[in-house]
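> Give me a 3D structure for the following:
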Amino acid sequence: GVVIAPTGAGKSMMLVHLGAKALMAGKNVVHYTLELGDTVVGTRYDSCITGYELNDVRAFKEQIYDELKDLPGKLIIKEYPTRSATIQTIRNHIEKMKITGFEPDMIIVDYADLIKPGGNSKEEKRHQLEALYEELRGISQEVKCPIWTASQANRSALEDDIIGAEKIAESYSKIMTADFVLSLSRKIEDKVAGTGRWHVIKNRFGPDGITFPSKMNTSNGQIH
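Numbering: from 1, shown residues only. As a prediction, the model looks like this:
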């Protein structure tokens, strides 16, 4: 699955939201962060699950701990510096987790474009990205669990009411490889009002072309 949105729209928060919902449903989640610090991502999970504002997490840490201690799912957050982790790095980490008894039900990569490409370094970037997304899909098939990631929309998408497949940055092959592609459109007025529009660009196993209006609070990850 791929979440597409312009910079600053809330892609990373949406990935946390997906992971949080899986944890609340009793699923095991591993979240790879290639841009944000692991403590930042952890705080976002705390906020998203409990509803406390991000700025209030530290002040209410005891209450948050009480709410999270009986959470049915388990979460592992693994941080790698940008473009330091390869696909093989992720594959090796998954194998180590499985040896210790942790079987992931959902894998989140925030985000795939920041994985270090393998192969020929002189290869065009769009071909490198195509290979990365295909290899991630391969891991998903090997582990038999969904992988979610995010990708940038290009600059022209900033003022679009609905972001379509043609607005994905760098390589259209991301759309072709993914099973499910969801875009998020949030203009300046949406950010002020706490609204947005989710559009199902591609759904290999069901209907697509559907748009859903959304209420969003990026201060605590609440998305409806």
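
> Buried ones in stretch 167-184, by neighbour count?
Buried residues in stretch 167-184, counted by 16 or more other C-beta atoms under 10 Å: 167-169, 171, 173-175, 177-178, 180-184. (Glycine included, C-beta is placed from N, CA and C.)

> following the longest helix anywhere in the chain, which helix or strand comes up?
Ranked by number of residues, the top helix in the chain under DSSP state H is helix 125-143. On the C-terminal side of helix 125-143, the closest following helix or strand by DSSP states H and E is strand 147-152.

> Please enumerate the helices of this protein.
For the chain, the helices defined by DSSP H occupy 11-24, 38-50, 61-68, 87-99, 125-143, 173-177, 188-193.

> tell me the most buried of those?
Neighbour counts (mean count of other C-beta atoms under 10 Å) averaged over each of those peak at helix 11-24, with a mean of 22.

> can you dump the C-alpha coordinates of that helix into CSV?
This file holds the C-alpha atoms of helix 11-24, laid out as CSV (Å, rounded to 0.1, in the frame of the first residue of the first chain):
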residue,chain,number,x,y,z
LYS,A,11,1.8,11.2,5.1
SER,A,12,3.9,10.1,8.0
MET,A,13,1.0,10.7,10.4
MET,A,14,-1.2,8.5,8.3
LEU,A,15,1.3,5.7,8.4
VAL,A,16,1.3,6.0,12.2
HIS,A,17,-2.5,6.0,12.2
LEU,A,18,-2.6,2.8,10.2
GLY,A,19,-0.1,1.2,12.5
ALA,A,20,-2.0,2.3,15.6
LYS,A,21,-5.2,0.9,14.3
ALA,A,22,-3.5,-2.4,13.7
LEU,A,23,-2.0,-2.4,17.3
MET,A,24,-5.4,-1.8,18.7
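
> any idea how far Arg58 lies from Asn220?
Going from Arg58 to Asn220 by C-beta to C-beta, to the nearest Å gives 14 Å.

> brain fart, Ala178
Ala178 is 28 Å from Asn220, where distance means C-beta to C-beta.

> follow-up on the earlier one: spell out which two among the buried residues of stretch 167-184 are the most distant pair, please.
Largest separation among the buried residues of stretch 167-184 by C-beta to C-beta: Ser173 and Leu184, giving 20.7 Å.

> Run through this structure and note the low-pLDDT ranges.
Applying pLDDT under 70 to the chain picks out residues 119-122.

> cutoff 80 now
Scanning the chain with the threshold set as pLDDT under 80 gives 118-123.

> Neighbours of Ile162, how many?
Per other C-beta atoms under 10 Å, the neighbour tally for Ile162 reads 14.
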